[in-house]
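Undergrad: Test case, fold it:
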Amino acid sequence: MAPISVKVKWGKEKYTLELDADEDPDTFRAQLFGLSGLAPDRQKIMFKGKVITDSWSGVKLKANMSFLLMGSLPDKDIVAPTDKVVFEEDLSAAERIKGSELPAGLGNQGNTCYLNSAVQCLRNVDGLDAKLGALVPSGGAAASGGAAAAGGDAAMAAAIAAAMGGGVDPQRLMEVNPEVIGEMFENKAMAAEISQGLRGEEGEALFASKYGKEGSSPDEDAMELLQKVKALNKAATDGLAFETEVKAALGSDPNKGFSMALGNVYGKINEKMSSNDINWAMGTFIFALRTVNPQFAAENKHGDHSHGYMQQDAAEVWGELMNRLKATTPYVEEMFSYENEVTMTCDENPDEPASVTKEKGLTMIADVNKDTGHLMACLESAMEASLVKKSASLDRDAQYTKKSRLTRCPGYLAVNFKRFHYKVKEEASCKIRKDVKFQMSLDLMPIASKELVEKLRPQRDAFEAYRDAVIAKEVTGYKEEEKEVDYEPFSFPDDPGSNNSGYYELEAVLTHKGASTSSGHYVAWCKQKDGKWLLFDDDKVSVAKEADVLALSGKSADGHIAYILLYGPKRMPKGGAVAVGGGGAAAAAAPAAGAMDVAADP
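TA: Reported below is the predicted structural model:
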């Protein structure tokens, strides 16, 4: 059905927009959000007294029909700034991280954008950083004190020797802080004496006597470079101590060493450590990844000459993360594991008994093909497949139909769009550049088994009652005061990590820009606890809009396209409808809302 023009009345505002009947109401809510600024979870859409929920069932869609939108924007007080303004360019890198409300980015350490993006997305799994942090030895994820040891510091000595042409590869420090090492290369004569400036107060005084303000050659840039080198030196010293423990763990228990290294990265980010500390920790994790799976250590080579590490497929490293982490942290399997009931029937022999089996996974596959225009269609397509296998009843290969139905909803749902296919002739992985819509909210009910549908119903009814109660309060002009919210459990009591409603909210999107998995660029888009979205482009972090995230569906073939989606459980505030004062209030408001709907419809 072609899109139709409809009208929407919201208070004094009136909107005219295109409605695609082939899309569910969540897409319509996203459009209204873009026009009104009213978040989808605060919207109540009505037509002739009927509340529009998860489908258009019972509503005959036609051109120029009118809807009533109800809901109010949250109040926000505007407070004049009281602190003195400090410009960002006047701060050091460490001060920028400490003073910023934005989380730290991760430096690209040799085509590692695929891994950086996956690591940032996983940070949105509530509680995972703490579980991994518990594997880190005491002090590993925090600063481990003191100035560098006098005279030594192999990491910095190696970098200085390399800067002086000594033949030692400074690649590791270049990856951690290319700016500082680059300055050393530009000032080789000065770099030769920086090692002396690292030798405690006396060494720094001798360096200052030559390059400082009181010296014969005043040079403030030299003293600034010394301070940068000292900071990098300290990060290297602290990082090498923990790295030794990771290497030992990788030898005895690779999965534990791998998980420890990632837990250390999250610890550094959470503590708002310096970019040197965070990037060194990430370098240790990259080393762990390449140790447990040499595929990720593959290099771009032309003959015998290496041109650095190869770009990798973010979906493959996501799978590696899932499998390695679940081996040491049961929390990962609890939160991500979905279960299907699989029924296999023989198309060529209807009398052959169907086989019913169970299957589990950590990441759902969403088929992208000519018939799939939105996420749910992709998931439904992946739940049914045709295959050829040996038939016991026919004693030959035969055509079978495989149908799956969801029997367990995971707390966190990871979805991988199947956007790449291998072309034998070209010997390359090619990208399917198709526009596939996804929403901020997701409901897995359409692919659930009958038993799971019934199991989810009580919590879904509770969500419906809560929404009605909130809307009823808003109709009366009630404004809820802003306060810290506590939530009801989202899992079944006997199944930790499950989702007891089937409702999800989008938490993160990993996107790819380019023609194949082995080229282009990956970035992460992550929702923060305050509902704002951030774009993590390696070490660059910027604020994004919800509309920017929804535009990642593939509409722009040359831009970033969603590759992996991470959905988290929809949470209900403690007490639900009862805490809001629901039940009676919601019921009393319904007739009035219905009357307003009728009045609004021409």
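Undergrad: From now on I want contacts and neighbour counts done on CA atoms only, so please keep to that.
TA: Fine.
Undergrad: Next one: the nearest residue to Gly110 once chain neighbours are set aside from Trp56, what distance?
TA: Leaving aside its sequence neighbours, Gly110 sits nearest to Tyr309 (Cα to Cα, 6 or more residues apart in numbering; 5.8 Å). If you measure Tyr309 against Trp56 using Cα to Cα, to the nearest Å, the figure is 51 Å.
Undergrad: still on that earlier bit, so the residue nearest to Gly110 sits right up against Ala297, yeah?
TA: Yes - counting by Cα atoms under 8 Å, Ala297 is a contact partner of Tyr309 at 6.5 Å.
Undergrad: hang on, Ser306 is in a strand, isn't it?
TA: Yes - counting by DSSP: H, G, I helix; E, B strand; the rest coil, Ser306 is found in a strand.
Undergrad: The chain should start at 504 in everything you say after this.
TA: All set: I'll call the first residue 504, so the last point we hit is now Ser809.
Undergrad: quick one, what contacts Leu1053?
TA: Leu1053 is in contact with 940-943, counting by Cα atoms under 8 Å, 6 or more residues apart in numbering.
Undergrad: Please give the element, helix or strand, for it.
TA: Assessed by DSSP states H and E, Leu1053 sits inside helix 1049-1053.
Undergrad: Please identify the buried residues of that helix?
TA: 1049, 1052-1053 (16 or more other Cα atoms under 10 Å).
Undergrad: Tell me, how many residues neighbour the closest residue to Asp816 other than its chain neighbours?
TA: Nearest residue to Asp816 in three dimensions, chain neighbours excluded: Thr1020, at 4.9 Å (Cα to Cα, 6+ apart). The tally of other residues near Thr1020 (other Cα atoms under 10 Å) stands at 24.
Undergrad: Thr1020 - that's part of a helix, no?
TA: No - assessed with three-state DSSP, Thr1020 is coil; it does not lie in a helix.
Undergrad: That one contacts Gln815, correct?
TA: Yes - counting by Cα under 8 Å, Gln815 is a contact partner of Thr1020 at 6.5 Å.
Undergrad: any idea how far the one residue sitting closest to the centre of the chain is from Leu765?
TA: Centroid-nearest residue in the chain: Cys624, 2.4 Å away (criterion: Cα atoms, centre = their mean). As judged by Cα to Cα, Cys624 and Leu765 stand 13 Å apart.
Undergrad: Glu836 now?
TA: Glu836 is 17 Å from Leu765, by Cα to Cα.
Undergrad: So those two - more neighbours on which side?
TA: Leu765 (27 against 19).
Undergrad: That one contacts Leu635, doesn't it?
TA: Yes - between Leu765 and Leu635 there is a contact at 7.2 Å, judged by Cα under 8 Å.
Undergrad: thinking again about what came up before, I'd like the distance between the residue nearest to Gly613 and Leu735.
TA: From Tyr812 over to Leu735 the distance is 24 Å, taken as Cα to Cα.
Undergrad: quick one, which of those two is more surrounded?
TA: Leu735 (24 against 16).
Undergrad: Sticking with that one, tell me its helix or strand.
TA: helix 723-755.
Undergrad: Now do that helix: distance to the chain's middle.
TA: Distance, stretch centre to chain centre, for helix 723-755: 28 Å (Cα atoms, centre = their mean, to the nearest Å).
Undergrad: Which parts of the helix or strand just after that helix count as buried, going by neighbours?
TA: Remark: after helix 723-755, the chain's next helix or strand is helix 757-773, criterion DSSP H and E. By 16+ other Cα under 10 Å, the buried positions in helix 757-773 come out as 757-772.
Undergrad: and if you look at stretch 814-824?
TA: 814-818, 820-821, 824.
Undergrad: Got the confidence number for the residue nearest to Asp816?
TA: Thr1020 is assigned 72 on the pLDDT scale.
Undergrad: Quick check: phi and psi on it?
TA: With angles defined as degrees, to the nearest 10, Thr1020 sits at phi -70, psi -20.
Undergrad: got the CA coordinates for the helix holding Leu1053 in CSV?
TA: What follows is helix 1049-1053, C-alpha atoms only, in CSV (Å, rounded to 0.1, in the frame of the first residue of the first chain):
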residue,chain,number,x,y,z
GLU,A,1049,17.8,10.1,17.8
ALA,A,1050,16.9,11.0,14.3
ASP,A,1051,20.5,10.5,13.3
VAL,A,1052,20.4,7.0,14.6
LEU,A,1053,17.2,6.1,12.9
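Undergrad: sorry, back to before: quick one: which two of the buried residues of stretch 814-824 are the most distant?
TA: Pairwise distances across the buried residues of stretch 814-824 peak at 16.8 Å for Gln814 and Leu824 (criterion: Cα to Cα).
Undergrad: hang on, the earlier thing: could the C-alpha coordinates of the following helix or strand past the helix holding Leu1053 be exported in PDB?
TA: Taking DSSP H and E as the definition, the helix or strand that follows helix 1049-1053 towards the C-terminus is strand 1064-1072. Taking Å, rounded to 0.1, in the frame of the first residue of the first chain, the C-alpha atoms of strand 1064-1072 are listed here in PDB:
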ATOM      1  CA  ILE A1064      24.600   1.700   7.700                       C
ATOM      2  CA  ALA A1065      23.500  -0.300  10.700                       C
ATOM      3  CA  TYR A1066      25.300  -3.600  11.000                       C
ATOM      4  CA  ILE A1067      24.700  -4.700  14.600                       C
ATOM      5  CA  LEU A1068      21.900  -3.500  16.800                       C
ATOM      6  CA  LEU A1069      21.900  -3.900  20.600                       C
ATOM      7  CA  TYR A1070      18.600  -3.800  22.300                       C
ATOM      8  CA  GLY A1071      18.100  -3.700  26.100                       C
ATOM      9  CA  PRO A1072      15.100  -4.600  28.200                       C
END
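Undergrad: Note down every partner strand of strand 1064-1072 and its orientation.
TA: strand 916-921 (antiparallel), strand 1006-1016 (antiparallel) (DSSP bridges).
Undergrad: residues contacting the residue nearest to the centre of the chain?
TA: 1011-1013, 1027-1029, 1069.
Undergrad: ok, now with 10 Å
TA: Cys624 sits next to 618, 821, 1010-1013, 1026-1030, 1039, 1067-1069 when contact means Cα atoms under 10 Å, 6 or more residues apart in numbering.
Undergrad: and what of Ala637?
TA: For Ala637, the contact set (Cα under 10 Å, 6+ apart) comprises 763, 766-767, 832.
Undergrad: just those residues now: which is nearest Ile974?
TA: When the contacts of Ala637 are compared for distance to Ile974 (Cα to Cα), Thr832 wins out at 40.7 Å.
Undergrad: Please look at that closest one and Leu824 and confirm they touch.
TA: No - using Cα atoms under 10 Å, Thr832 makes no contact with Leu824, being 11.4 Å away.
Undergrad: Next, show the common contact partners of the two.
TA: What both Thr832 and Leu824 touch, as defined by Cα under 10 Å, 6+ apart, is the set 758, 762.
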